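Novice: Sequence below, structure please.
(chains A, B and C)
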Amino acid sequence: MACTTAFSRCSLNGDMFASKSAARNNSDILKGCPISTKQPLHSKSVYIFSDKSSSGPLYDRKCCKQSGRLSSMRRVQCCALKVEAKPLFNVGSKFQLDDVIEAQQFDKDTLSAIFEVAREMEKIEKNSPGSQILKGYLMATLFYEPSTRTRLSFESAMKRLGGEVLTTENAREFSSAAKGETLEDTIRTVEGYSDIIVMRHFESGAARRAAATANIPVINAGDGPGQHPTQGLLDMYTIQREIGKLDGIKVALVGDLAYGRTVRSLAYLLAKFQDVKFYFVSPDVVKMKDDIKDYLSSKGVEWEESADLMDVASKCDVLYQTRIQRERFGERTDLYEAARGKYIVDQGVLSVMQKHAVVMHPFPRLDEISVEVDTDPRAAYFRQAKNGLYVRMAILKLLLLGW
Amino acid sequence: MACTTAFSRCSLNGDMFASKSAARNNSDILKGCPISTKQPLHSKSVYIFSDKSSSGPLYDRKCCKQSGRLSSMRRVQCCALKVEAKPLFNVGSKFQLDDVIEAQQFDKDTLSAIFEVAREMEKIEKNSPGSQILKGYLMATLFYEPSTRTRLSFESAMKRLGGEVLTTENAREFSSAAKGETLEDTIRTVEGYSDIIVMRHFESGAARRAAATANIPVINAGDGPGQHPTQGLLDMYTIQREIGKLDGIKVALVGDLAYGRTVRSLAYLLAKFQDVKFYFVSPDVVKMKDDIKDYLSSKGVEWEESADLMDVASKCDVLYQTRIQRERFGERTDLYEAARGKYIVDQGVLSVMQKHAVVMHPFPRLDEISVEVDTDPRAAYFRQAKNGLYVRMAILKLLLLGW
Amino acid sequence: MACTTAFSRCSLNGDMFASKSAARNNSDILKGCPISTKQPLHSKSVYIFSDKSSSGPLYDRKCCKQSGRLSSMRRVQCCALKVEAKPLFNVGSKFQLDDVIEAQQFDKDTLSAIFEVAREMEKIEKNSPGSQILKGYLMATLFYEPSTRTRLSFESAMKRLGGEVLTTENAREFSSAAKGETLEDTIRTVEGYSDIIVMRHFESGAARRAAATANIPVINAGDGPGQHPTQGLLDMYTIQREIGKLDGIKVALVGDLAYGRTVRSLAYLLAKFQDVKFYFVSPDVVKMKDDIKDYLSSKGVEWEESADLMDVASKCDVLYQTRIQRERFGERTDLYEAARGKYIVDQGVLSVMQKHAVVMHPFPRLDEISVEVDTDPRAAYFRQAKNGLYVRMAILKLLLLGW
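Specialist: Down below sits the predicted model:
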């Protein structure tokens, strides 16, 4: 979300635009929007109380009122505001989420609030009024690289709430070398056709750029080696749903800890909670990197590395297994083969795990979890995938309708 | 359809899950589902009276009740049951279709029942209540190889009944060599996002595996050289609609009879009816194989091979032409050219056909039917393509709402 | 639109079809439709008063009546009629649009009528009755070459009016060399699944062939080097919205005037209005071709070529900039680089432009307009892209529901 209607309106006081503005509909008022003065997005900055509704009549806020959900929302008409220290969630009122770009934008209260909505989403029944709250809204899935699982999850979420979807699996064509269009131009075109953009990109930081340009909400569905925040949210939600709490838990992160985007996000997010302890179990070549270790230490979060999966399995509440990614090993397939076979979750591992503990995995899996584990009630990974649906429904609802 | 909620529920009586189950929603109860005990699907086995509704609230059966169509359905709560000799259609009550995997699963009564529903589908008018019976349902089209015609037909069928669609044209990415996910894992993910899966796959038997895994209905939209059952259904439906009966008819199968999936299915299905006679007209290199001939003979079905298309055309009720597939001839393009030009349906052939007879073709066609034939009322192939829509609407209705 | 139900009905008077027709539904009556007598489409021919509704019950005109919009429409039941000199728009009554194939089919009155509807479209609010006028209608986007921008614009338009979409991004597969299906066969299949076809093709004239085959409306979304009529319409609509009129304006066409489909269409369409003056500003290698210059002269439209962008910018009402297409230069990248850098719209150009003037661009752009221009209220190109939505909504409404 970049430049709001309200902001533009304020700047529209010169004679220059007066005659033209009068003859046009509201959307034309955007002519006066000085894009060059937009606030750049960076870590932990949030835009609160800004008017996310686009400017054309199709996006008129009246439609929101119809759903009876925005009446109590404080959509104060002022420009996007960067507030460094201010949390997204405002005690005593409700927070307004504008974009979902990175795991770091969520604090403990925001997570709780999102999970509360996700819990409501689980209860929505087919053809109930709740299943139609996004009727009339249009989501564009702008995927610059394919990710069918993520795309289907978002599209299902949108449709489960009565919304509609425009799909672009080959968005790369928009900005092909041959044509050379900038991401910003693409975003400004697509925002004219839709109410919210879900973007997958191959470049780290692309989602942030899109959000800085768009006048409608942008959700980062993964930007290269960068962020994939809804995966982090669904992992956290799954732990809370499975274990019943996020404080005071013991979490084993297993597998590719060096390159795995998900385990890094999870470590970051869990560090916000009390008395969390991490176990890192991985082949030497893909060990957890120092930045995360240092971050955890700085936050007073306990962690230890271990080569003994059985020992760790017997102690942890959550065993989060990940796939060793072959592409990280280049020509050294011998190293890859050694690494991938080292820590397998099978019946043996299950047999030492506590009864209340769960096994998680972000998918896809190869054989790092044996299929024999699937039938154990502690195998939470299919439920975890399903939770992605509820968390994305919650995010869509919060971005489009507010609290 | 694999393991039902009811089945899992029965097995959930150990202390082990008690505390966790209480804190979770119904879907978590699936934890106890012993997948390893699932009944393997094989030819002619059917699953009856099983509860196809998935376990989350989104899939709650309440939604079905809203449509007022399931009240009389006997969705007995028991596990998937393999009944070797029992027909799908239960006299005195209505059958429950769980998956559509292969032509062999349909007997005469089931075909009649499906065609009765397809006939109703033809009569549904835009924006009538009938056009909304699948409102709130979500179909995933999981296509591991492209087949635009089949995909569009299914998606149109779903939307003509008010349902919604998640499209995956490049599903192969799900299970790419690079990532190596199993079909089973993909299915268990996708069933979390949708209510029914339509799958096209490049491997024979893939649809059966998917159905054995999924807790929601699976429709086989073609699995490699294997089955494509809805094509068989629409062919049968077209004959009944055009000729008025399926008993006592004379059917000429022309063209590629060795490799053509459709003519083989059609021969199999028509053999269930009385006094059907087949004429096989094909170049020597692509003659009907012995397995089908033997099967027909064992069922007492009359058949003969002929090289005289004019003679056959003058006698038959249905002339089913097929495309000679170039890819079957490898380097021998000379053989291909000879074969493809041998039996062309043109004005000459039409001139000897009976007035009530029809020409059919599964599409795409090259020049094995001259375009001059298109304008003749006996050219039934475009109506045949359209019938695919009605048959698929019927199948979707039966799988999701029951009779 | 090719052969209508009514037409077929007239020809169905022989004994030959009598018995079959009686036993079938209305769609079967098409059997008698003599395709070979269809009127070929060519420049400036129009089909008026023909019955566009397809023949199956799904497409029954009752649905149109429900919307209360067709009662006053004169859908005279006669065959498609080619009327060389007759305008689409009938003074004193309302015109009926059957297909949108090329810019040349629109005269001044038709343009006004379409723009009037587009203006209404801008005012449609989410979840208002107006946003559901195409409920129950199904649009097939048959794209033989990818064009995400155009496809999304059409699909958004359809969904903003409550309609549904079947998407085929890889329609080329339909007619692949391997399978060899004709466009005509594809169209006759797809028209069985949908109510309107939006087609993008790589061959000039493909849209015309599709329209000549289809019994439902066809919209040309670009056919190779041929036509892209909705781009022309949205350009014209944008000028009217931005400048307030189409008569008496001065228009600068800048950039690739030799190969740019959009500037050629725009010149053609604007020539229909009074006292329009054109300035052509382009590198020598991509100058406006003589056919357009001759056409303008023959219509008494003033034009001049200029190499002085600043001078032209200071005089014009509309500065229509276009991208120099690299692919036109082959190996001569030196010529390309020289050409593309020659006429850039930047702050300097803006500074001499009149206050009421606007900059337009059909997108995608490279650097022929500096991003610094984006924030100027006279930068109309993002509004222009958005107008594509409204114009396409209008076209869909007019083709499916009539005036």
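Novice: Please count neighbours and contacts with C-alpha atoms only from this point.
Specialist: OK.
Novice: all strands of the stretch 251-400 of chain A, in order?
Specialist: When assigned using DSSP state E, counting those that start in this stretch, the strands of the stretch 251-400 of chain A occupy the ranges A:277-281, A:302-305, A:318-321, A:358-360.
Novice: in its sheet, what does the second one sit against?
Specialist: In other words, strand A:302-305. With DSSP bridges as the criterion, the sheet partners recorded for strand A:302-305 are strand A:277-281 (parallel).
Novice: Got the confidence number for A:Arg332?
Specialist: The model reports A:Arg332 with a pLDDT of 88.
Novice: how deep is it tucked in, by neighbour count?
Specialist: 11 (other Cα atoms under 10 Å in any protein chain shown).
Novice: Excluding chain neighbours, what is closest to A:Leu396?
Specialist: Residue nearest to A:Leu396 in three dimensions, not counting chain neighbours: A:Met158, with 7.1 Å by Cα to Cα, 6 or more residues apart in numbering or on different chains.
Novice: quick one: contacts of stretch A:286-306?
Specialist: Residues outside stretch A:286-306 that contact it (Cα atoms under 8 Å, 6 or more residues apart in numbering or on different chains): A:255-259, A:264, A:267-268, A:271, A:275-282, A:312.
Novice: Pull out the buried residues from stretch A:298-305.
Specialist: Neighbour counts over stretch A:298-305 (16 or more other Cα atoms under 10 Å in any protein chain shown) mark A:Val301, A:Glu302, A:Trp303 as buried.
Novice: same question for it, mean pLDDT?
Specialist: For stretch A:298-305, mean pLDDT rounds to 97.
Novice: Between its first and last residues, how far does that stretch reach?
Specialist: Between the opening and closing residues of stretch A:298-305 lies a distance of 17 Å (Cα to Cα, to the nearest Å).
Novice: mean confidence score for stretch A:253-272?
Specialist: Per-residue scores along stretch A:253-272 average to 94.
Novice: List the contacts of it.
Specialist: The contact list for stretch A:253-272 (Cα under 8 Å, 6+ apart) reads A:103-104, A:107-108, A:225-229, A:231-232, A:235-236, A:246, A:276, A:278-283, A:286-289, A:292, A:295-296, A:299, A:301, A:319-325, A:340, A:343, A:362.
Novice: ok, back up a step: and the residue nearest to A:Leu396, which helix or strand is it part of?
Specialist: Using DSSP states H and E, A:Met158 falls within helix A:148-160.
Novice: Against which helices or strands is that helix packed?
Specialist: Contacts defined by 3 or more Cα pairs under 8 Å, 6 or more residues apart in numbering or on different chains; DSSP states H and E place helix A:148-160 against strand A:138-143, strand A:164-168, helix A:381-401, strand B:164-168, helix B:183-190.
Novice: Dump the strands of the stretch 251-400 of chain A to TSV, plus distance to C:Lys126.
Specialist: As requested, the strands of the stretch 251-400 of chain A are arranged in TSV below (distance: least, Cα to Cα, whole Å):
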stretch	distance to C:Lys126
strand A:277-281	48
strand A:302-305	51
strand A:318-321	43
strand A:358-360	41
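Novice: of all these, which lies closest to B:Arg392?
Specialist: Across the strands of the stretch 251-400 of chain A, the minimum distance to B:Arg392, taken as Cα to Cα, is reached by strand A:358-360, at 37.8 Å.
Novice: how about the residue in the stretch 151-300 of chain A that chain B sits nearest to, what does it touch?
Specialist: When Cα to the nearest Cα is the measure, the stretch 151-300 of chain A has its nearest residue to chain B at A:Ser156, with 5.7 Å between them. The contact partners of A:Ser156, taken as Cα under 8 Å, 6+ apart, are A:Leu389, B:Leu138, B:Leu166, B:Tyr193, B:Ser194.
Novice: do the same with A:Pro146
Specialist: Applying Cα under 8 Å, 6+ apart to A:Pro146 gives the contacts A:Glu169, A:Asn170, A:Arg200.
Novice: Report the buried residues of stretch A:311-330.
Specialist: Residues of stretch A:311-330 classed as buried by neighbour count (16+ other Cα under 10 Å): A:312-326, A:329.
Novice: Which of the contacts of A:Ser156 sits closest to chain C?
Specialist: Using Cα to the nearest Cα as the measure, the one of the contacts of A:Ser156 that approaches chain C most closely is B:Leu166, at 11.0 Å.
Novice: so what's that closest one up against?
Specialist: Listed by Cα under 8 Å, 6+ apart, the contact partners of B:Leu166 are A:Leu152, A:Glu155, A:Ser156, B:Leu138, B:Met139, B:Ala140, B:Thr141, B:Ser194.
Novice: Please repeat the previous calculation with a cut-off of 10 Å.
Specialist: Contacts here follow Cα atoms under 10 Å, 6 or more residues apart in numbering or on different chains; on that basis B:Leu166 touches A:151-153, A:155-156, A:159, A:165, A:167, B:138-142, B:155, B:190, B:193-194, B:197.
Novice: shaky segments in chain A?
Specialist: Within chain A, the stretches falling below the threshold (pLDDT under 70) are A:1-95, A:173-178.
Novice: mind checking the SS state of the closest residue to chain B within the stretch 1-150 of chain A?
Specialist: Per Cα to the nearest Cα, A:Glu125 is where the stretch 1-150 of chain A lies closest to chain B, at 4.8 Å. For A:Glu125, the reduced secondary structure class is coil; criterion used: DSSP: H, G, I helix; E, B strand; the rest coil.
Novice: Make sure it is actually in contact with A:Gly162.
Specialist: No - taking Cα atoms under 10 Å as the definition, A:Glu125 is not a contact partner of A:Gly162, at 11.8 Å.
Novice: residue in the stretch 251-400 of chain A nearest to chain C?
Specialist: Closest approach between the stretch 251-400 of chain A and chain C, counting by Cα to the nearest Cα: A:Leu400, at 12.9 Å.
Novice: Could you tell me which of the contacts of A:Pro146 count as buried?
Specialist: Neighbour counting by 16+ other Cα under 10 Å classes A:Glu169, A:Asn170, A:Arg200 among the contacts of A:Pro146 as buried.
Novice: out of those residues, who's nearest chain C?
Specialist: Chain C lies nearest to A:Asn170 out of these, by Cα to the nearest Cα, at 8.0 Å.
Novice: Fine, thanks again, bye for now.
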